[in-house]
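In: the following comprises the amino acid sequence and a computationally predicted model.
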Amino acid sequence: MTSIAPPRMPEPAPPGTSPPASAPILRMRGVTRVHGGGVTQVVALRGLDLVVHPGELVAVMGPSGSGKSTLLTLAGGLDLATSGDVFVDGTALGGLSARALAALRRRSLGYVFQDLNLVPALTAAENVALPRELDGVATRTARREAVAALADVGVADLADRFPDQMSGGQQQRVAIARALVGPRRLVLADEPTGALDSATSGEVMRMLRARCDAGAAGLLVTHEARHAGWADRVVFLRDGTVVDSTGEPSTPESLLGSTSTHPHGSRSSDRPPFVPRRTNPGPSSPGPSSPGPSSPGRPSPGRPSPGATDPGRPDGDSGSATDGADR
Ligand SMILES: Nc1ncnc2c1ncn2[C@@H]1O[C@H](COP(=O)(O)OP(=O)(O)O)[C@@H](O)[C@H]1O
Ligand SMILES: [Mg+2]
C-alpha cells in the first residue's frame, strides 16, 4: 500500500475576502426538500439545521432513505432547498445565479461520491485537473496541482493512466484527489469507501481527517461506525430530520434540529473527541449515543498514533500497511 502524504493546506484567502476562521463553513437553517406533490410527495429533508465549522468532520448516519444524500447534495449546491437556507462560507446558495453557484462549487466544494464519476476519456491527472481548469487555472498549474493531489493520495504514478486502466481502489483515490485538489473549503463524501477494502478505507478516512485538520469542513455519509469514529461528531438522520447527534458544538443553531443535547458542547480543540460506538447503530435504531470515555477517539494526522496501542482507534483500519508510516 502506498503511503499518503499530508494534505496541502488550502491557500489562505486574501484579507477581507473570507469570513473569520471561527465562522461556520456550512450552515443549513430550517432546510426542507420536498420531491413531487400530492400522494407521491416525498419529504426528503424536513427543517434540518446543521452547522459545520472549519476543522470539523461531521459524520452523517441513518437508515436508507433518511435523507443523507439529499443533505449532501443541498450542502453542495447540486440541488436547492424547497425552503430554508444553505450558506457556504456565509454565501446563501439559494441567492446565487446558476453561474455563480457553479463557480462556488468548483472553487470551494469537493465531492467524493460512491459512483466515482471519473471521465473515462481523461487520464487521472486530467480528471483531477479538470475542475481547476474549469475554474480558470492555467493548464500547467492545474496539472501540477493535480499531480500533487494524486501524490497526496498515493497514486502519483498513475497520473497518465485512464480510469479503465486502474483498479477500483485506485480510481477511488483519483476521485478523492479530484475532490481535494485546490483550496476546497467544504468536502462532501457520500459513502466514499463503499467499494474499498478496509485498509484503503482507513486511508481515505485519514485523508478526509487530515484535510479537515488543515482547516476544511467535512461531511461524511457512512454506514460504518469505525468510519464515523474519525469524525468530530455524528449526526443521525431519520425521515429527513436529525434524531440524535453526538459531541455537538455549542452554537444555538446546531441544537435546533436535535432532540437531545450533550454537555460536551465546546468546539475548542481540547474537547473530548467523539469515540465511536463499537457497534453500528443500524438502520432502525439510531438511538442515543454519547461521547465515550475520555480516551482519544481517533488518531490525529499531525501526531501519528501508535496503532495497536491506541485504544480509541477505529476498528478495522489498523491492518493498513501504512500504519505509523504515513506521517
Ligand atoms: N429526485 C427524487 N425524487 C423523488 N424522491 C426522491 C428523490 N431523491 C430522493 N428522494 C427520496 O427522498 C428520500 C431521501 O433520499 P436520500 O437522500 O437519497 O436518502 P439516503 O441517502 O439517506 O438513502 C427517499 O425517500 C428518497 O426516495
Ligand atoms: Mg444515499
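Out: Perfect, thanks for sending it. Ligands and ions are numbered 1, 2, ... in the order given.
In: what does this protein put close to ligand 1?
Out: Neighbours of ligand 1 within the chain, by CB under 6 Å from any ligand atom: 35, 36, 42, 44, 62, 64, 65, 66, 67, 68, 69, 70. For every residue, glycine as well, the C-beta is placed using N, CA and C.
In: gap between the last one and residue 57?
Out: Spatial separation of residue 70 from residue 57 under the definition CB to CB, to the nearest Å is 20 Å.
In: the two: which is more packed in?
Out: Ranked by neighbour count (other CB atoms under 10 Å), residue 70 and residue 57 place residue 57 first, with 26 against 23.
In: for that one, give me its contacts.
Out: Residues near residue 57 by CB atoms under 8 Å, 6 or more residues apart in numbering: 208, 209, 212, 217, 218, 219, 220, 230, 231, 232.
In: rerun at 6 Å
Out: Residues near residue 57 by CB atoms under 6 Å, 6 or more residues apart in numbering: 209, 212, 218, 231, 232.
In: ok, residue 113 touching residue 189?
Out: No - the criterion here is CB atoms under 6 Å, and residue 113 misses it with residue 189 at 7.9 Å.
In: so the two - more neighbours on which side?
Out: Between residue 113 and residue 189, counted using other CB under 10 Å, the more crowded position is residue 189 (28 against 18).
In: which non-adjacent residue is nearest that one?
Out: Among residues not flanking residue 189 along the chain, residue 112 sits closest, at 4.1 Å (CB to CB, 6 or more residues apart in numbering).
In: again, but for residue 208
Out: residue 218 (5.4 Å).
In: now swap in residue 91 and tell me
Out: Using CB to CB, 6+ apart, the nearest residue to residue 91 is residue 104, at 6.6 Å.
In: now residue 234: phi and psi?
Out: Backbone torsions of residue 234, given as degrees, to the nearest 10, read phi -130, psi 130.
In: residues near it, how many?
Out: 27.
In: neighbours around the residue nearest to residue 91, how many?
Out: Count around residue 104 with other CB under 10 Å applied: 19.
In: buried sites along the helix or strand it falls within?
Out: Counting by DSSP states H and E, the element that carries residue 104 is helix 98-108. Across helix 98-108, burial judged by 16 or more other CB atoms under 10 Å covers 101, 104, 105, 106, 107, 108.
In: for the residues you listed, please prepare JSON lines with the additional fields pLDDT.
Out: As requested, the buried residues of helix 98-108 are exported to JSON lines (pLDDT from 0 to 100):
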{"residue": "101", "pLDDT": "91"}
{"residue": "104", "pLDDT": "89"}
{"residue": "105", "pLDDT": "87"}
{"residue": "106", "pLDDT": "84"}
{"residue": "107", "pLDDT": "83"}
{"residue": "108", "pLDDT": "89"}
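In: check contacts around the residue in the stretch 1-150 of the chain that ligand 2 sits nearest to.
Out: Minimum separation of the stretch 1-150 of the chain from ligand 2 (CB to the ion) falls at residue 69, amounting to 3.2 Å. Taking CB under 6 Å, 6+ apart, we find residue 69 in contact with residue 190.
In: with residue 92 instead?
Out: residue 85.
In: do you know how far it is from ligand 1?
Out: Separation of residue 92 from ligand 1 (CB to the nearest ligand atom, to the nearest Å) stands at 22 Å.
In: residue 40: how many residues sit nearby?
Out: Around residue 40 there are 7 other residues, counting by other CB under 10 Å.
In: typo on my end, residue 137
Out: 19.
In: nearest spatial neighbour of residue 47, skipping sequence neighbours?
Out: Using CB to CB, 6+ apart, the closest residue to residue 47 is residue 30 (5.2 Å).
In: now that neighbour: phi and psi?
Out: Torsion angles, degrees, to the nearest 10, at residue 30: phi 60, psi 40.
In: residue 111 too?
Out: phi -120, psi 140.
In: identify the bridge partners of it.
Out: Residues found in beta-bridge contact with residue 111 (criterion: DSSP bridges) are residue 188.
In: pLDDT value on it, please?
Out: Residue 111 carries a pLDDT score of 84 in this model.
In: how about the helix holding residue 104 as PDB, C-alpha atoms only?
Out: Presented in PDB, the C-alpha positions along helix 98-108 are these (Å, rounded to 0.1, in the frame of the first residue of the first chain):
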ATOM      1  CA  ALA A  98     -26.500  29.200 -11.800                       C
ATOM      2  CA  ARG A  99     -23.200  30.500 -13.000                       C
ATOM      3  CA  ALA A 100     -22.100  31.800  -9.600                       C
ATOM      4  CA  LEU A 101     -23.300  28.600  -8.000                       C
ATOM      5  CA  ALA A 102     -21.200  26.500 -10.400                       C
ATOM      6  CA  ALA A 103     -18.200  28.700  -9.700                       C
ATOM      7  CA  LEU A 104     -18.600  28.400  -6.000                       C
ATOM      8  CA  ARG A 105     -18.900  24.600  -6.300                       C
ATOM      9  CA  ARG A 106     -15.800  24.300  -8.300                       C
ATOM     10  CA  ARG A 107     -13.800  26.600  -6.100                       C
ATOM     11  CA  SER A 108     -15.000  25.800  -2.600                       C
END
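In: before I go, just wanted to say thanks for your time.
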